[in-house]
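[1] just the structure for this:
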Amino acid sequence: VFAQDVQSQEKPTKEPEFIGEVYSLKSDGTFVQLDKEIGDFTSGISWSSNSFNALTLKIEGGSAKTRFPSNEPLQLVVRAVDNNSDPLSIISIYKFKANKNKRTFLLGKDNSGTLLKSKTNSKGIIRFTGKKYGISSYLITLNDLEAGEYGIVVSNPNSRDEKRTIVSCFGIDK
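    Predicted structure coming up:
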């Protein structure tokens, strides 16, 4: 009986409904869902990255609708399959190159068979701190983000499949 009383007094933790969804946790305790976009992967010659076979993540549209100011910390609740993995191993936060029509991020370049190096790109990946939140989510805190366009991709460490890549997008304004 006592365990039921304690359990009924606990406030349930609100988590995003689906794996890969991201909510912003505002200072007043309310949530804002980030834009959900379908990411396209393209590969081919990239003159800007000096690569004969670059892999790029592309989002149509030059900017996210969901915007935040640069002068305050941003807390995000990211839903995953579970929260048993190190969040840095399954959550990637990208700072996109943006123009008025699209947002892109160079994931890697393969120059095998040439004198140029092949490598993955971690330069524009945002480092963050994260902790468990609820049953299967993480609370991520981002500080001092530069103005620009960002996207979050959550991978499932338990399986690799052919589902579409969902990118949760947001922008930081000066």
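[2] going forward, measure contacts and count neighbours with C-alpha atoms only.
    Noted.
[3] where does the prediction get shaky in this protein?
    The chain contains residues with pLDDT under 70 at 1-12, 45-52, 110-123, 157-163.
[4] centre-most residue in it?
    By CA atoms, centre = their mean, the chain has its centre lying nearest to residue 152, at 1.1 Å.
[5] surely that residue is within a strand?
    Yes: looking at residue 152 with DSSP: H, G, I helix; E, B strand; the rest coil, it is inside a strand.
[6] would you quantify the distance from the nearest residue to it once chain neighbours are set aside to residue 142?
    Leaving aside its chain neighbours, residue 152 sits nearest to residue 93 (4.5 Å; criterion: CA to CA, 6 or more residues apart in numbering). Residue 93 sits 10 Å away from residue 142, going by CA to CA, to the nearest Å.
[7] which of these two has more neighbours?
    Each of residue 93 and residue 142 has its neighbours counted (other CA atoms under 10 Å); residue 93 has more, 19 against 15.
[8] quick check: phi and psi on the more buried one?
    phi -120, psi 120 (degrees, to the nearest 10).
[9] right, and it touches residue 129 too?
    No: here residue 93 lies out of contact with residue 129, judged by CA atoms under 8 Å, at a distance of 11.7 Å.
[10] how far does the longest strand belonging to the chain sit from the chain's center?
    Ranked by number of residues, the top strand in the chain under DSSP state E is strand 35-46. Relative to its chain's centre, strand 35-46 lies at 14 Å (CA atoms, centre = their mean, to the nearest Å).
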